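> Predicted model, plus sequence, below.
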Amino acid sequence: MARALGLNEDLTEALCLAHDIGHPPFGHAGEDALKAAMTNAGGFDHNAHTIRLLTALESPYPLFAGLNLSWETLEGLAKHNGPVAHAPWALAGADADFPLELADWPSLEAQIAAIADDIAYDNHDIDDGLRAGLFTLEELLEVPLAARVWTRVRARYPGVEAARLVPELVRDLIGLMVNDVLAETGRRCEGLGGMKAVRAAGRPLAGFSAGLAEEEGALKAFLHERMYDAPEVQAVREEAQAILAALFAAYRDDPGLLPPEWRPLSADPVAVARTICDFVAGMTDRYAVRRYQALIGPVTLPEGF
């Protein structure tokens, strides 16, 4: 999409690759657990933690903190979902050192990264949900957008079994969404006078047309009901949150359990909590499970998790 719109492809790719690296173990479930654990220390936000990682925690250079990324990269990561009215503490700290104009809209590259993320997880979650048995193809086709595209796919391949056409359905959905974004973004950007006009537009310039936005919203609602909020998924989410909450509490009660390089230098409760949060947020799912097993006991996550 960046290439088709004549945008900076390298910047767009960097934003797409980096925008979620602030996620803790277990994704949004883990984020909710850390947010609760950090109630008295400013809370936790994965977007803000992305910026904290890139400007403070990952420090391979000898004379300064962070990865020495461009302003445009940090700005796009901080604001890819739009202007930030109330910056969480981690983002506010970075913004104080590298003012990111948080009240303005981000670059078109950041806006494209955000809508590409929506398109990607909508369609990959369709594939995952079907393979996991969380819903059937027949149930998916009750969603108007999926049904509309499925009719076209079946018309092209009338003699092919339905199961073999699911990847084609996903490909067609991606293509439909991408082309709609390109057309709508081009329409919204007509007559704009450069980057300052993008940031001062007062609204997103990259996005779906009104009609497709409504259809995509219905698809998202279906995925929330049948996948993200499914009882079997909720059970895993609750167990994952319990793992992170218990790990955070164990390290808070005895910071000596942390690796030597992570042990807090200050006894200030807020500083201690933030150090523990940085450590836990940097874990992978599997490492978090292993640390829980070593410090606390067995886990009850489903086999193969």
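Looks like it came in fine.
> can you give me the helices in the stretch 151-300 of the chain?
In the stretch 151-300 of the chain, helices defined by DSSP state H, counting those that start in this stretch lie at 162-188, 195-199, 210-223, 231-253, 269-281, 285-295, listed in chain order.
> So what touches the helix or strand of the chain with the lowest mean pLDDT?
Sorted by mean pLDDT, DSSP states H and E, the helices and strands of the chain end with helix 195-199, the least confident at a mean of 88. Helix 195-199 has contacts (C-beta atoms under 8 Å, 6 or more residues apart in numbering) with 101, 104, 105, 106, 107, 108, 189, 192, 205. C-betas here are computed from N, CA, C, even on glycine.
> cool, stretch 144-153 as well?
126, 140-141, 165, 168-169, 172-173, 176, 212, 215-216, 218-219.
> swap the cut-off to 7 Å and go again
140, 141, 165, 168, 169, 172, 173, 176, 215, 216, 218, 219 (C-beta atoms under 7 Å, 6 or more residues apart in numbering).
> Next one: the fifth one from residue 129, what distance?
Going back to what we said before, that points to residue 169. As for residue 169, its distance to residue 129 is 13 Å (criterion: C-beta to C-beta, to the nearest Å).
> hmm, back to that, show me how far the least confident helix or strand of the chain is from its chain's centre.
25 Å (C-alpha atoms, centre = their mean, to the nearest Å).
> and if you look at stretch 103-116?
14 Å.
> Tell me the buried residues in that stretch?
Neighbour-count burial for stretch 103-116, with 16 or more other C-beta atoms under 10 Å as criterion, is recorded at 104-116.
> Could you find the lowest-pLDDT member of the contacts of helix 195-199?
The lowest pLDDT within these belongs to residue 192, with 85.
> Not counting residues beside it along the chain, what's closest to that one?
residue 198 (6.4 Å; C-beta to C-beta, 6 or more residues apart in numbering).
> Equivalent analysis for residue 9, please.
residue 2 (4.9 Å).
> can you count the residues close to that neighbour?
Applying other C-beta atoms under 10 Å, we find 20 residues neighbouring residue 2.
> and it, helix, strand or coil?
Secondary structure assignment for residue 2 (DSSP: H, G, I helix; E, B strand; the rest coil): coil.
> I figured it hits residue 14, correct?
No. Counting by C-beta atoms under 7 Å, residue 2 does not reach residue 14; the two are 10.9 Å apart.
> Just the buried positions in the strand or helix carrying residue 146, please.
Element membership for residue 146 (DSSP states H and E) is helix 144-156. Going by neighbour count (16+ other C-beta under 10 Å), the buried part of helix 144-156 is 145, 146, 149, 150, 153.
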